[in-house]
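Trainee: Can you look at this prediction? I've put the sequence above it.
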Amino acid sequence: MKRANSYLTDKQVEQIKVKLLADKERLTMRDEIDQKVDTLNTYHLDRSELSDPVDEACANVQVAHELRFKSREIFYLKKINLALEKIKEGAFGLCKDCDSEISFERLLARPTAELCINCKESAEMDEQNNFILKRSKSFGQTLTERMAR
Ligand SMILES: [Zn+2]
């Protein structure tokens, strides 16, 4: 089997892998702490027999906030797992769009990066262009409409 990530040395891959695993551990550890905090919170809630609607509303906002934060963490965790999977398969470090090699510096800074810097930049540019295009399209339409009158 051809090793797709042969442009990275084993040492470089190892360096990124350590980073990914450390991030993963940090996220998983926080999960355990959260669970402990949850147990504490439940205990407090059980003790206060009279529930204050204001407190409840606050708790709901907090839960919603935590959930949003959590889903971002889960998203990142998934990307970490994907990157680790790619390392195992030997397909790590290749751009999702153009298959070109993502630079080691970029991978070290963002081990979960899926696009090379060129594709990332052009994706961002496309986003901007689409926005401008949409605006100029609607602008063009009003002009044509006016001309037709
Ligand atoms: Zn690319």
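Mentor: That came through fine. Residues are numbered from 1 along each chain as shown.
Trainee: Spell out which residues of the chain are next to the ion.
Mentor: 95, 97-98, 116, 119 (Cβ under 5 Å from the ion). C-beta coordinates here come from the backbone N, C-alpha and C atoms, glycine included.
Trainee: List only buried entries from those.
Mentor: With neighbours counted by 16 or more other Cβ atoms under 10 Å, the residues of the chain next to the ion contain buried members at 95, 116, 119.
Trainee: Which neighbouring elements make contact with the helix or strand harbouring Lys78?
Mentor: In the assignment (DSSP states H and E), Lys78 maps to helix 53-89. Packed against helix 53-89 by the contact rule (3 or more Cβ pairs under 8 Å, 6 or more residues apart in numbering; DSSP states H and E) you find helix 10-47.
Trainee: Pull out the buried residues from the helix it packs on.
Mentor: In terms of neighbour count (16+ other Cβ under 10 Å), helix 10-47 has its buried residues at 13, 15-17, 19-20, 23-24.
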